[in-house]
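Participant: heads up, no residue letters with this:
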């Protein structure tokens, strides 16, 4: 029998420590890469790329080909879920995504679900899975219910998520129905990704930091726990990473309450504090400031050393605290990888 190929990053998600931590970067497939910009110029806008399975496959693999990251993450967007739930989705140049109708002014039951809109994404998963190096972990993802709901209610991103927060307080039954619908669609979507070939999945809760502790428990911890519970029934051995950006001091409660297998940390978290406060042995991911990666030099070297030192006795995946920025110099990514991998 041939030896099983060792996937370092998947091993860490399963609770094992690696001598040299595996590394990938959020949004590693995208605008900082010249090969991505070239393909986008040929193919059109972001959504067109995400729904073109051949193009999305190429984009997913580009950073693996260039840098040899330990994981590839599916090139897609969290808003394909509300698109599948029946909202229209488009991207305004220079302004970001738009969804219609806005659920602040319309009813969820007025939407006509279109799950077939997810088919090209699952085709991408199958193609990437067949093409990746055997040692590369393949990550799927979805947005967490609270964050997805904020976009569905407002119809676009917002600074303080006030419309969703108002609805959650004033119309909790209506908001709960929305969250439940997102949970169901998300579980089906992530299960589809797993069946198509991803090794693990990540739940992005980009706006988790906007909620009070009680609302955080209700709209972040509880819905993510339900996704984890349902996915584990279907796929008990597939790791799930939770990333509640901005959670701060609520991270330990999130880790314990959701049951995720690993926890992503944003750049505002002191890694030494996280190592003390989080459950022993829980794998963590992060948490370099994307801006220090742009600045480079001694600041980058010290920041990397600090993170590696904090998590030297814990299963750790090196990553950014949020997505890589478009003006990140390629050579700084190369320097980062060299520093991490020198052992």
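Facilitator: Noted; the coordinates are in hand. Source: prediction; values computed, not measured.
Participant: show me where the stretch 101-250 of the chain has strands.
Facilitator: Along the stretch 101-250 of the chain, the segments classed as strands by DSSP state E, counting those that start in this stretch run 137-143, 200-205, 240-244.
Participant: Return the set of buried residues in the helix or strand following the last one.
Facilitator: Spelled out, that is strand 240-244. Using DSSP states H and E, the helix or strand that directly follows strand 240-244 along the chain is helix 251-258. Neighbour-count burial for helix 251-258 flags 251-255, 257-258 (criterion: 16 or more other Cβ atoms under 10 Å). Where C-beta positions appear, they are placed from N, C-alpha and C, glycine not excepted.
Participant: Quick one: distance of helix 251-258 to the chain centre.
Facilitator: Relative to its parent chain, helix 251-258 has a centroid offset of 17 Å by Cα atoms, centre = their mean, to the nearest Å.
Participant: give me the number of residues near residue 295?
Facilitator: 13 (other Cβ atoms under 10 Å).
Participant: per-residue confidence at it?
Facilitator: On pLDDT, residue 295 comes in at 97.
Participant: Show the backbone phi and psi for it.
Facilitator: phi -70, psi -40 (degrees, to the nearest 10).
Participant: Could you check the helix or strand residue 276 falls within and say which residues are buried?
Facilitator: Per DSSP H and E, residue 276 falls inside helix 271-277. Judged by neighbour count (16+ other Cβ under 10 Å), helix 271-277 contains these buried residues: 271, 274-275.
Participant: One more: stretch 175-192?
Facilitator: By neighbour count with 16+ other Cβ under 10 Å, stretch 175-192 contains the buried residues 175, 178-179, 181-183, 185-192.
Participant: what's that stretch in contact with?
Facilitator: Identification of contacts with stretch 175-192 by Cβ atoms under 8 Å, 6 or more residues apart in numbering yields 80-82, 84-85, 103, 108, 113, 115, 118, 122, 125, 140, 142-143, 145-146, 148-149, 152-153, 164, 167-168, 201, 219, 223, 226-227, 230-231, 234-235.
Participant: List buried residues within those.
Facilitator: 80-82, 84-85, 103, 108, 118, 122, 125, 140, 142-143, 145-146, 148-149, 152-153, 164, 167-168, 201, 219, 223, 226-227, 230-231, 235.
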